[in-house]
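Asks: no sequence for this one, just the structure:
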């Protein structure tokens, strides 16, 4: 194991600055921030959040930070945890496809809370977000795929490092303290894949955010840790992964540019079908009553996961390719609202859903689908989706990200407030007080 | 992997009660409690604690619980963390030799804090302590030695389960909630051996206590987790250990009876030498001026670790077999005070230290030593230590544990308060309000 991997990473983090970020990296950070804030607001009323808050409220410290989309204010450590939970609970946040890391969820809640408590400007915030994400990715890419295959939920296990790096950078840690912060982070990995399907899945990035922030705060006060936490024989890389690719630690490129955002509030697997239906609908001004049947050809995995033909609840709707196609046509959207109990039970949706027929085509890739719509007129409309919208190859536009944000936020905050938060995120690096972003997203 | 390992463990925890504990188990729990409280008070002024408190105080919640040996009060989550750190920072707390788990440090701080915040009597407290420790041991023995060999600091990694079990039992969780608590614990292991030698070592049990308590609180509010967190393919046992002995989960015996307590404030490796010197001193009324030379024959490992012949600081004194022998003769003790800078530099100690000669004898076991003292009169005194005091085979008596407690506590709290805490620990199961123990150990 090469010497000084931890120290080199600490040096990279401490030396980072907004002025050194190329504009495309800055803009990807703004997009990541906007998408994350929307997801955190959107998840803020979820049962997972109300249960976590009920359990922990008696122990909250001073009201230093906002719970996004909510009225409560808490100490920054609990805010990091709870905003982290809320941003991941809908499974609608960003994903780095190669590593499967949800990049923002462990990092953004730590630094947004910190920025409410200690002066930080928007340039510092954006730089901290980028350096936190790049830290996650260097470690995450070094241990991909062995670490994930072993059963760890990588978002939580490498997320702690991302949070420690980002919070530590915002706190102005020096190189020595940053080594300790990474060491304290290494000692607190969070997350097993066995928790998928339970509330503990969204606990992972929240706790990672809180652990990383704790690591940075302790290190800043001189609390020591090993300075070889990553590379040592009994350090994180050896203990948590059976293989490690050191090249990932080279100071190269900006991996944040490969971040991706989900346009639709369900598993990625069914996104190509939704995309295809939306394309045909929008090109041809389709309405449900014009349609005789919808035929979709999909990668085999799609029917492993989303074969519930006649879902009864919003959650079941997320696992129904029939429902996904139907809402795309009827609603022209597939956000959280389209996977609510109400919409899943709406007669127009149920009727169209029964005219959706899915078949497997092993020649298709996971990000591909073929959608054919037969109209009552006998006309036949078809589209082949090569890269679904939201993939790295076919990214959501800024306008789409705004639409997604509005869909999440306007159910909870006013449209005026929603607009204001969107503007704050796009203009984040011009803010004198980066705490404004989170503060604007509270509910009075 | 057998079905329902997690559920069976949850059932065992929920069904546990003081009335089912044999008296020797109850008494071992009192001894464990007394020893732990003494260590927590003794470590309370350590630099590690002052740094942790400086970093985290701005985020403390309401003053629900005592920091033992200190004036501050904090929310119970921070109290669990900080009392856990302070109880392990001197490396003077209990050890289960076979697994290397420090049993009390992740469990006791959680339940003592909880007992200050919610009504709990002493019988419930003792039962929670026992069931938390037995939970650590079932999991710990199942993964010994593979898990430790991989580099995990087992005290933190299984300690989370112990804390979740103990706190959950005190909170009255039902079987379903206890499964979730164990799941939330499984998702938050703490501790890498790479941190040994830094402040993060004592952070491990503290954070484990805090994580386990968080798990129990969340589960009690209905926050869900996998119910197969231990045995599932991507559960804790498979992900964190390359081997697992299921037999350890059988409901058999009380492993707490094999807990051991350190009589001396330094590594176990040098305890046989100290024990031998004390025996000769006490049998023969020895004083330093009577002695010409001290010869000690030791297991080879002793000189790997404690060969600093002329230490300059208290910390170096802990790694000097010469110093250890000298303080045993001069001071008749080897507590924290005997490993202070002051005592290490005291002329009488320095003088005797230079007349200590250590040699290796590969025929000796790790818990053995041969001590020979040549008097100026020409007389020759010798002792063979087969099982050093403090081992499972030769345990510290209750009176010795009291002496150790006084040595730790009276440097910080009055002798009246010290006496009162000792009495509260011995009589713990008769307390109507178990919160009295921690409250009595605060400094006004």
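Replies: It's in. All of these numbers come straight from a predicted model, not from anything done at the bench. Residues are numbered from 1 along each chain as shown, chains lettered A, B, ... in the order given.

Asks: mind showing which ranges of the stretch 251-400 of chain A have poor pLDDT?
Replies: Along the stretch 251-400 of chain A, the model assigns pLDDT under 70 to residues A:251.

Asks: now the strands: where do they sit in it?
Replies: Using DSSP state E, counting those that start in this stretch, the strands found in the stretch 251-400 of chain A span residues A:259-260, A:291-298, A:356-360, A:369-375, A:380-385.

Asks: Distance to chain B for those - can I get that in TSV?
Replies: Just so you know, the C-beta spots here come from the backbone N, C-alpha and C atoms, and that holds for glycine as well. Shown next, in TSV, are these (distance: least, Cβ to the nearest Cβ, whole Å):
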stretch	distance to chain B
strand A:259-260	24
strand A:291-298	26
strand A:356-360	26
strand A:369-375	29
strand A:380-385	32
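
Asks: In this structure residue A:360 contacts residue A:304, no?
Replies: No. Distance between residue A:360 and residue A:304: 9.6 Å, which falls outside the contact criterion (Cβ atoms under 8 Å).

Asks: which of those two has more neighbours?
Replies: A count of neighbours by other Cβ atoms under 10 Å in any protein chain shown puts residue A:360 above the other of residue A:360 and residue A:304, at 14 against 10.

Asks: Which residue, neighbours along the chain excluded, lies closest to the more buried one?
Replies: Distances taken as Cβ to Cβ, 6 or more residues apart in numbering or on different chains place residue A:300 nearest to residue A:360, at 4.8 Å, with adjacent residues excluded.

Asks: I figured the one you found hits residue A:363, correct?
Replies: No. Contact between residue A:300 and residue A:363 fails when scored by Cβ under 8 Å: they sit 10.4 Å apart.

Asks: count of residues packed around the residue nearest to residue A:7 when sequence neighbours are not counted?
Replies: Nearest residue to residue A:7 in three dimensions, chain neighbours excluded: residue A:179, at 5.8 Å (Cβ to Cβ, 6+ apart). Look at residue A:179: counted by other Cβ under 10 Å, it has 27 neighbours.

Asks: got the contact list for residue A:179?
Replies: A:6-7, A:10, A:225, A:227, A:229 (Cβ atoms under 8 Å, 6 or more residues apart in numbering or on different chains).

Asks: Let's see that with 7 Å instead.
Replies: A:6-7, A:10, A:227 (Cβ atoms under 7 Å, 6 or more residues apart in numbering or on different chains).

Asks: Out of those residues, flag the one nearest to residue A:441.
Replies: Residue A:441 lies nearest to residue A:10 out of the contacts of residue A:179, by Cβ to Cβ, at 31.7 Å.

Asks: now the residue most central in space within chain A, what's its secondary structure?
Replies: For chain A, residue A:93 is the residue whose C-alpha lies nearest the centre (Cα atoms, centre = their mean; 2.5 Å). Put simply, residue A:93 is coil when judged by DSSP: H, G, I helix; E, B strand; the rest coil.

Asks: And for the one 10 residues further on?
Replies: State at residue A:103, reduced to three classes by three-state DSSP: coil.

Asks: how close does it get to residue A:90?
Replies: As for residue A:103, its distance to residue A:90 is 16 Å (criterion: Cβ to Cβ, to the nearest Å).

Asks: between those two, who's got more neighbours?
Replies: residue A:103 (31 against 23).

Asks: hang on, the earlier thing: ok, now which ones touch the residue nearest to the centre of chain A?
Replies: Here residue A:93 is in contact with A:35-36, A:39, A:87, A:102, A:104-105 (Cβ under 7 Å, 6+ apart).

Asks: Swap in 6 Å and give it another go.
Replies: Listed by Cβ atoms under 6 Å, 6 or more residues apart in numbering or on different chains, the contact set of residue A:93 reads A:39, A:87, A:102, A:105.

Asks: Save these as CSV, and put in distance to chain B, pLDDT and neighbour count too.
Replies: Formatted as CSV, those follow (distance: Cβ to the nearest Cβ, whole Å; pLDDT from 0 to 100; neighbours: other Cβ atoms under 10 Å in any protein chain shown):
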residue, distance to chain B, pLDDT, neighbour count
A:39, 20, 98, 33
A:87, 17, 98, 32
A:102, 15, 97, 29
A:105, 15, 98, 31
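
Asks: Can you name the residues of the stretch 201-350 of chain A that neighbour chain B?
Replies: Proximity of the stretch 201-350 of chain A to chain B (Cβ under 6 Å from any Cβ of the partner chain) is limited to residues A:217-218, A:221-226, A:229, A:232, A:234-235, A:239.
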